[in-house]
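Trainee: Below are the sequence and a predicted model for it; my questions follow.
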Amino acid sequence: MKLLFIALAFIGVAVRFAVFVSPIHEFASQRVEFSVPTNSWRRVSEGLFLYGIGVDPYLGDTFHETPFCLGLLSKLHRVNPLIIDILFPVADILAAILLYLFAQNFLEQKVVEEHKVKTSFKKESQILMLSFDCIRTVPKLVVLCYLCNPLTVGSCWAKTTTVFTNLLMAAMLLSASQGACRFYRYISLVFLALCTYQTFYYGLLFPALHLYFENFAGSKTHCRSRGDSVFGLLMDGLVFIGSFAIMLVVSSHIMGSWTFLRGVYGFLISAPDLTPNIGLYWYFFTEMFEQFRSFFIWVFLINICIYSIPVSVKLRHHPMFALFTLLPLITAFKPYPSYGDIGLYLSLFAVWRHLIPQMRQTLIVSVMLVLAATVFPVLWKLWLEVGSANANFIYAITLVLATSQVFFVTDVMLAHEKREWHLKHGVETVDKTGKRLELHLQ
C-alpha cells in the first residue's frame, strides 16, 4: 500500500513537469475550462509585457490579475523566464503537501474530539465514529486526489494563477488547523485575506473560519462569555479587513495608482467579459437587455453572498465543514469559475469521505460531474469549430455542472446531519407508533 501511494504520488508530480517536454501547455492554455479571464496565462503574459514597457496594464480590458502577482512574476521573468515555468508545478505540489498536513491535523482533532464524547453516543452507532487509522490513511488520499486529479493537473499545465490561489487556500487551512494559538489564528486570517485579494469571493469564508476559531477557544476555556466572543469577532474582523486593506494600499504603491481596483475587483463584480466558460454568467448576460444588466448583476451578486452566514450558523458546531460546503457554492455561482477551483474542493472531500455511506445522490452527482467535464469540450468543438451546434448546447452543459455542484452540497450536508443524528439517537430510530423516522434537510 505504501509503494502504491509513492508510485501514484510520483506520477502526479511527474505529469506536472511534462509541460517541459511536450506542447501540452499550448493546448491546455486555450481551453476555457481551465483558462478564464481572471487566471489566464496569456493575459498575464500581456500584462507582464505592458508593465515591462511602463504601461499600466489595468488601463485596458485584458489584464485582471492582482498587482502582487504581477510584481512577483515580473521580477522572476526578468531573472529567467524558466523560473516561472518551474514555479507553477512547484506551487501545485506544495499545495498538495499543505493539504496533507491540514488533513492530518484536522482529523486528529476530530478523532480525539469524538472519542472524548464517545459515551454520549448510542452503542450501536459507534461504528460510525472516525477511527484512529484514518489519521494515517485519509491525508494520503487527499494528496492523491489533488496530485492525480485531471482538473488540477490541467490547471497546472495551463499555467493558470488558480494554482497560486489553491496554494494560499491550503496554507490558510493548515494555519487554521494548528489549534487555538493566536499566532496561527491571525496567520490563517492573513492567508484568507490573501485568498480574498486574489479571488474576491473567498472573503465569504470569513464567518465559517471565525466560528472555527471560536469553537477552539470555547473547547479550551470551557466557559466563554459573550464579551469574549464579541471581542474575538472584532479582533478577527480587524485582522482580516486590516490585512486586506494593507494589501490594497501596497498594491497602489506598486502600480502608482488605484486603477487596479476597477481592473481586478470591478471586473469580478460586473463580469463584462462574456467569453463562454463553465460558469453561468456569460450566456445569461449575452441574452440580457442592457437596461436590465445592473439589476441582474446585483441579483447574481446577492445570490453568491447570501449563503455564507446561514451555512456557517447552521453548521456552527462544525465550522470547517461549513467552510468546505461553501467552496462548491462559490465555484458554482461566481462569474469565472474553472476546473482548478472544482479540483480543490473535490480533493478536500476526501477528508469527509466517511459521509459517503450516508449520501443518497452519490451516483447522480458523480455522473453529472463526469458528464459535464467530458461533454463540455465536445460541444465546444461542435459549436465553434465544426459549426454543427450552438451556444444553447454549451449553456445546457454548464447548467448540468452547476446543478451537480448544488446537488453535491445538499447531499453532503444531509449526509453530515444524518451521521450526527445517528451518533446521538441510534442508527434505527422510530416514533411512538413504531414507524421508522427519516431525516430531511430543511
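Mentor: Now that the structure is in, tell me what you want to look at.
Trainee: what stretches of the stretch 201-350 of the chain score poorly on pLDDT?
Mentor: 217-224 (pLDDT under 70).
Trainee: can you rerun that using 80?
Mentor: By pLDDT under 80, the weakly predicted segments of the stretch 201-350 of the chain are 216-229.
Trainee: Let me see the contact set for the residue nearest the centre of the chain.
Mentor: By C-alpha atoms, centre = their mean, the chain has its centre lying nearest to Leu327, at 4.5 Å. Shown in contact with Leu327 (C-beta atoms under 8 Å, 6 or more residues apart in numbering): 205, 341, 344-345, 348. Where you see a C-beta, it was placed from the backbone N, CA and C, and this is true even at glycine.
Trainee: Now tabulate those residues in CSV and tack on secondary structure and distance to Phe27.
Mentor: Below are the contacts of Leu327 laid out as CSV (DSSP: H, G, I helix; E, B strand; the rest coil; distance: C-beta to C-beta, whole Å):
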residue, secondary structure, distance to Phe27
Leu205, helix, 33
Asp341, helix, 20
Leu344, helix, 22
Tyr345, helix, 25
Leu348, helix, 28
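Trainee: If you rank the residues you listed by neighbours, which is first?
Mentor: Within the contacts of Leu327, most neighbours by other C-beta atoms under 10 Å means Asp341, with 28 neighbours.
Trainee: With adjacent residues omitted, what lies nearest to that residue?
Mentor: Thr331 (4.4 Å; C-beta to C-beta, 6 or more residues apart in numbering).
Trainee: My guess is that neighbour contacts Leu348. True?
Mentor: No. Between Thr331 and Leu348 there is no contact under C-beta atoms under 8 Å: 11.9 Å.
Trainee: which SS class is Leu274?
Mentor: coil (DSSP: H, G, I helix; E, B strand; the rest coil).
Trainee: again with Gly279
Mentor: Assignment for Gly279 (three-state DSSP): coil.
Trainee: what residues are up against it?
Mentor: 36, 334-337, 398, 402.
Trainee: run the last query once more with 6 Å
Mentor: 335-337 (C-beta atoms under 6 Å, 6 or more residues apart in numbering).
Trainee: residue ranges for the helices of the stretch 251-400 of the chain, please.
Mentor: 259-260, 267-270, 281-287, 293-305, 308-314, 319-333, 339-348, 362-381, 391-425 (DSSP state H, counting those that start in this stretch).
Trainee: taking the ones you listed together, which one is wrapped up most tightly?
Mentor: Highest mean neighbour count of the helices of the stretch 251-400 of the chain: helix 339-348, a mean of 25 (counted as mean count of other C-beta atoms under 10 Å).
Trainee: Could you check the angle that helix makes with helix 391-425?
Mentor: Counting by axes from the mean of the first three to the mean of the last three C-alpha atoms, to 10 degrees, helix 339-348 lies at 20 degrees to helix 391-425.
Trainee: Now do helix 339-348: everything it contacts.
Mentor: Identification of contacts with helix 339-348 by C-beta under 6 Å, 6+ apart yields 33-34, 142, 145-146, 149, 151-152, 155, 160, 162, 166, 324, 327-328, 331.
Trainee: looking at these, which has the most residues close by?
Mentor: Among the contacts of helix 339-348, Ser155 has the most neighbours (other C-beta under 10 Å), with 31 neighbours.
Trainee: how close does Ile135 get to Leu128?
Mentor: 17 Å (C-beta to C-beta, to the nearest Å).
Trainee: Revised request: answer the last question for Ser252.
Mentor: Applying C-beta to C-beta to Ser252 and Leu128 gives a distance of 52 Å.
Trainee: Same question for Leu94.
Mentor: As judged by C-beta to C-beta, Leu94 and Leu128 stand 34 Å apart.
Trainee: Nice, that's everything, thank you.
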